[in-house]
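K.L.:
Build me a structure from this.
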Amino acid sequence: MKTILSLLALSVALTLSGCDDGAKIDPSRQTGANPELPAAKNFLLPPMKVPGSTDWKQGEKPKVAEGLQIEQIADGLKHPRQLYTLPDGDILVVEGSGPKSPTSQPKELITGLVQSASGKGGAGGDRITLLRNSSGDGKTWEKHIFLENLSSPFGVQLIGDTLYVANADAVRKYPYKNGETKITDAGSELTELPGGPINHHWTKSMVASPDGSKLYVGVGSNSNITENGIGAEYRRADILEVDVASGASRIYASGLRNPTGLQWEPQSGKLWAIVNERDEIGADLVPDYMTSVQEGGFYGWPYSYYGQHVDERVKPQRPDLVAKALKPDYALSSHVAPLGFLFYQGSNLADYRGGAFVSEHGSWNRKPLNGYQVVWVAFKDGKPVGQPKQVVSGFLTDDEKEVRGLPVGLTEDRQGGLLIADDSGNRVWRVSAVAKP
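P.N.:
Model (predicted):
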């Protein structure tokens, strides 16, 4: 056992000290409609740069853009991942972490150990907590344990009087009554989702259709680039369309490596997704992105990235699929790991209305680090324009050696505040506009 641990430590040390594996391209040149894409590299082990973990100290909080303020509204949570606003203004906080799964390759074990050091590991609550702002001031929130005994939950949606929760392996449904602070019903399964013993990308994002007849569920790949075999990718790297009445499902769009957030763009009415792209071909590849999602569209994974840039590692290749791979609409730069997505429609943050907030969980295989912030992208005529604007930062310490928190889920409260789940800091933050005199 000591020999294994020694070899593991050596592998980590060699990986972390790899030479000439840093980023060469400024992140601003990898955002927008036409990101700069360098030549791919290849590594025996992926270069890693992961900050350590520390707690928020008394009085510390994230930094916000000019004209904004931020306050903590809840703490003591267990890996809060997603946020969802109910019609009565209550906020659901989905708490979860990935299910335990076998490690198929040595590099996955090393990666997992290094990532855990940053606070990205650890057990989640497998529950949903409800936050209630009875005073209506957006500042003082009650906290109630709302729904327990879940299995690595992520997506949540309310349709009528039924609450749908996307666990790591199934969508379950529960009866919901307006104003209640706890669901005790055991619920029932609506539809099975790709899970299994590996379940590499376990998060299942979810959004309901505007008419409530369908659920759209993002299912990530079961590997980086099919190293676990193409058979392990059945109905993965897809967005599934689930019929609410019957539970029947079909593949709506494919080739999206890990679609971690789904939203309806308010002006065009189109479905949009944020996607975590592939790793291990360089610090500057591949840009994560957000894109409109076409029914029947194929977005490249695993055979190509950002349109028709072929990934030579994948064998056998599929030139027929590469030829029809769609180019994403908007790059967010490489390895930022977008996990939260919100088209803002409120009035409190007036300058941000109509655009998209994206939370970037942060890189683990890029130096210097990238992400660890919440950005905003303007939209015009239903399409993103310009460069991302940093709205919330400070999750990293000033020397970038440690993380205090990691932003994930986003939602808007009844007063128009922007709420942010912090899954390393185990709290929820609220951003609002500074009152004008």
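
K.L.:
Let me see the contact set for residue 237.
P.N.:
Contact partners of residue 237, counting by CB atoms under 8 Å, 6 or more residues apart in numbering, are 219, 220, 221, 254, 255, 256, 257, 258, 301, 302. To be clear about C-beta, it is placed using only N, CA and C from the backbone, and glycine gets the same treatment.

K.L.:
got those as TSV, with pLDDT and secondary structure columns?
P.N.:
What follows is these, written out as TSV (pLDDT from 0 to 100; DSSP: H, G, I helix; E, B strand; the rest coil):
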residue	pLDDT	secondary structure
219	98	strand
220	98	coil
221	98	coil
254	98	strand
255	98	coil
256	98	coil
257	98	coil
258	98	coil
301	98	coil
302	98	coil
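
K.L.:
And the furthest pair within the residues you listed?
P.N.:
219 and 302 (14.3 Å; CB to CB).

K.L.:
and these two? which has more neighbours close in?
P.N.:
Neighbour totals were compared for residue 219 and residue 302, and residue 219 leads with 26 against 23 (other CB atoms under 10 Å).

K.L.:
where's the more buried one relative to residue 336, distance?
P.N.:
For residue 219, the distance to residue 336 equals 21 Å [CB to CB, to the nearest Å].

K.L.:
among the contacts of residue 237, which ones are buried?
P.N.:
Buried subset of the contacts of residue 237 (neighbour count, 16 or more other CB atoms under 10 Å): 219, 220, 221, 254, 255, 256, 257, 258, 301, 302.

K.L.:
What count of nearby residues applies to the nearest residue to the second one once chain neighbours are set aside?
P.N.:
Put plainly, it is residue 220. Spatial nearest neighbour of residue 220, excluding adjacent residues (CB to CB, 6 or more residues apart in numbering): residue 201 at 2.5 Å. By other CB under 10 Å, the residues close to residue 201 number 23.

K.L.:
show me the contacts for residue 191.
P.N.:
Neighbouring residues of residue 191 by CB under 8 Å, 6+ apart: 170, 171, 242, 247, 248, 249.

K.L.:
how much space between it and residue 176?
P.N.:
Distance of residue 191 to residue 176, given as CB to CB: 18 Å.

K.L.:
Neighbours of residue 78, how many?
P.N.:
Other residues close to residue 78 by other CB under 10 Å number 18.

K.L.:
Okay, the closest residue to it other than its chain neighbours and residue 76: tell me how far apart.
P.N.:
Leaving out its chain neighbours, the residue that sits closest to residue 78 by CB to CB, 6+ apart is residue 125, at 3.3 Å. For residue 125, the distance to residue 76 equals 10 Å [CB to CB].

K.L.:
Can you pick out the residue with more neighbours from the two?
P.N.:
Comparing residue 125 with residue 76 by other CB under 10 Å, the one with more neighbours is residue 125, at 21 against 8.

K.L.:
Quick check: the more buried one touching residue 77?
P.N.:
Yes - taking contacts as CB atoms under 8 Å, residue 125 lies within contact range of residue 77: 6.9 Å.

K.L.:
residue ranges with poor pLDDT in the stretch 51-200 of the chain?
P.N.:
101-122 (pLDDT under 70).

K.L.:
hang on, the earlier thing: shared neighbours of residue 125 and residue 77, which are they?
P.N.:
Joint contacts of residue 125 and residue 77 (CB under 8 Å, 6+ apart) are residue 95.

K.L.:
which residues in this protein form helices?
P.N.:
Taking DSSP state H, the helices of the chain run over residues 2-16, 106-116, 319-322.

K.L.:
can you count the residues close to the closest residue to residue 277 other than its chain neighbours?
P.N.:
Leaving aside its chain neighbours, residue 277 sits nearest to residue 286 (4.0 Å; criterion: CB to CB, 6+ apart). Residue 286: 27 surrounding residues under other CB under 10 Å.

K.L.:
isn't residue 286 right up against residue 306?
P.N.:
Yes - using CB under 8 Å, residue 286 makes contact with residue 306 at a distance of 6.4 Å.

K.L.:
from the chain's centre, how far out does stretch 134-142 sit?
P.N.:
27 Å (CA atoms, centre = their mean, to the nearest Å).

K.L.:
residues of it that come out buried?
P.N.:
Applying 16+ other CB under 10 Å to stretch 134-142 flags 138, 141 as buried.

K.L.:
what about dumping the CA coordinates of it to CSV?
P.N.:
C-alpha atoms of stretch 134-142 as CSV (Å, rounded to 0.1, in the frame of the first residue of the first chain):
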residue,chain,number,x,y,z
SER,A,134,-41.1,36.2,5.0
SER,A,135,-40.3,39.9,5.4
GLY,A,136,-40.1,40.5,1.7
ASP,A,137,-36.9,42.5,2.1
GLY,A,138,-34.6,40.0,0.4
LYS,A,139,-32.3,40.0,3.3
THR,A,140,-33.5,37.8,6.1
TRP,A,141,-34.2,34.2,5.1
GLU,A,142,-35.6,31.2,7.1
